[in-house]
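> Pasted the sequence and its predicted model underneath.
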Amino acid sequence: MTSLKDPEGAEIRALGALVDFRGRRVLEIGCGDGRMTWLYAGDAKAVLAVDEDEDSIQEARATLAPPLSDRVEFRVASAESLEVPRQRFDIAFLSWSL
Amino acid sequence: MNALRKIHRALIPGGLLMDMHPIPPSARAEIGGKSLGEFDDAEFMKIVSATEAPLADGSLFELETEVEFDWLQRYGSAEELIEDASSWEGCSMPAALQARVREAEPPLDIWEHVVLRRFRAVQTEHDPVPGTGTCPI
């Protein structure tokens, strides 16, 4: 048995209480293996999810389902090294990565 | 601070920054709802406070609201938990807790207290275009 993270769904309830991802362009910093990304990506218009750990990004890419592959991009990067155009995103999400 | 400036630049005027991370009290191990003890994460909490300071000064983002909740991670074996915990930055497992975890019958639970904060990007003198609206929640 591998560990189960947040089996009670506390994170998605908290996110749902504070933010609406529908139709939004989201920048996620520290996405790891994409565990959090999958909680909201179905609602978002576009997602750029980054993490410094290459193995985690490879894992995230491997679980990227076809319906989301046209709007979710996983990239190896840190917040400091990230190069994105100005004013590209509606929401930035620091998921356990401040 | 450089990272926050980059994030601020990447957001539309009035865009949202959502920040989720653990806060005190310390993470604890439980079995069947009974506490086995707390982790020593004082160093981690210092890192969190230091990293949060630039956000708290309000120069780039303004805190709008926050919600706290308890977060659970469930392990099927003591070894898995101990190995995982050994990789946590700024957090250590006291020997007595490690011994109790090894003796316990799985599943083993780790509980952390977490905060999710919603900040809104504020206009700065470096923004090239005056705000054209805000991101609805």
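Alright, I've got the coordinates.

> after the worst-scoring helix or strand of chain A on mean pLDDT comes which helix or strand?
Among the helices and strands of chain A, helix A:66-69 carries the lowest confidence by mean pLDDT, DSSP states H and E, at a mean of 88. Note on helix A:66-69: by DSSP states H and E, the next helix or strand toward the C-terminus is strand A:72-76.

> Partner strands of that next one and their direction?
Applying DSSP bridges to the sheet, strand A:72-76 is found paired with strand A:46-51 (parallel).

> what's the average pLDDT for the very next helix or strand once past the partner strand?
On the C-terminal side of strand A:46-51, the closest following helix or strand by DSSP H and E is helix A:54-62. For helix A:54-62, mean pLDDT rounds to 96.

> give me the number of residues near the residue of chain B found nearest chain A?
Proximity of chain B to chain A (CB to the nearest CB) peaks at B:Gly76, 2.9 Å away. The way it works is simple: take the backbone N, C-alpha and C, and place the C-beta from them, glycine included. Neighbour count for B:Gly76, taken as other CB atoms under 10 Å in any protein chain shown: 14.

> Report the contact partners of it.
A:Met1, A:Thr2, A:Ser3, B:Pro106, B:Pro107 (CB atoms under 8 Å, 6 or more residues apart in numbering or on different chains).

> how about stretch B:29-40, does it get close to chain A?
No. Stretch B:29-40 lies apart from chain A when judged by CB under 8 Å from any CB of the partner chain; the minimum separation is 12.5 Å.

> Which residues are in contact with the spatially most central residue of chain A?
Geometric centre of chain A, nearest residue: A:Thr37, 3.2 Å, by CA atoms, centre = their mean. When contacts are counted by CB under 8 Å, 6+ apart, A:Thr37 touches A:Glu28, A:Cys31, A:Val47, A:Ala49, A:Ala60, A:Val72, A:Phe74.

> Next one: the closest residue to the last one other than its chain neighbours from chain B, what distance?
Spelled out, that is A:Phe74. Once flanking residues are discounted, A:Phe74 sits nearest to A:Ala60: 4.6 Å by CB to CB, 6 or more residues apart in numbering or on different chains. Distance, A:Ala60 to chain B, by CB to the nearest CB, to the nearest Å: 17 Å.

> Next, work out how far apart A:Ala60 and B:Leu72 are.
22 Å (CB to CB, to the nearest Å).

> Check B:Ser35 too.
From B:Ser35 to B:Leu72 the distance is 13 Å (CB to CB).

> more crowded one of these two?
Relative neighbour count places B:Leu72 above the other of B:Ser35 and B:Leu72, with 16 against 13, counting by other CB under 10 Å.

> Please spell out which residues along the one helix or strand that one maps to are buried.
Per DSSP H and E, B:Leu72 falls inside strand B:61-75. With burial defined by 16 or more other CB atoms under 10 Å in any protein chain shown, the residues of strand B:61-75 counted as buried are B:Phe61, B:Val67, B:Phe69, B:Trp71, B:Leu72, B:Gln73, B:Arg74, B:Tyr75.

> Give the pairing partners of it; include direction for each.
Strand B:61-75 has its sheet partners listed here by DSSP bridges as strand A:4-5 (antiparallel), strand B:108-121 (antiparallel).

> Include mean neighbour count and distance to A:Val84 when you put those strands into a markdown table, please.
Converted to a markdown table, the strands paired with strand B:61-75 look like this (neighbours: other CB atoms under 10 Å in any protein chain shown; distance: least, CB to CB, whole Å):
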| stretch | mean neighbour count | distance to A:Val84 |
| --- | --- | --- |
| strand A:4-5 | 14 | 28 |
| strand B:108-121 | 20 | 14 |
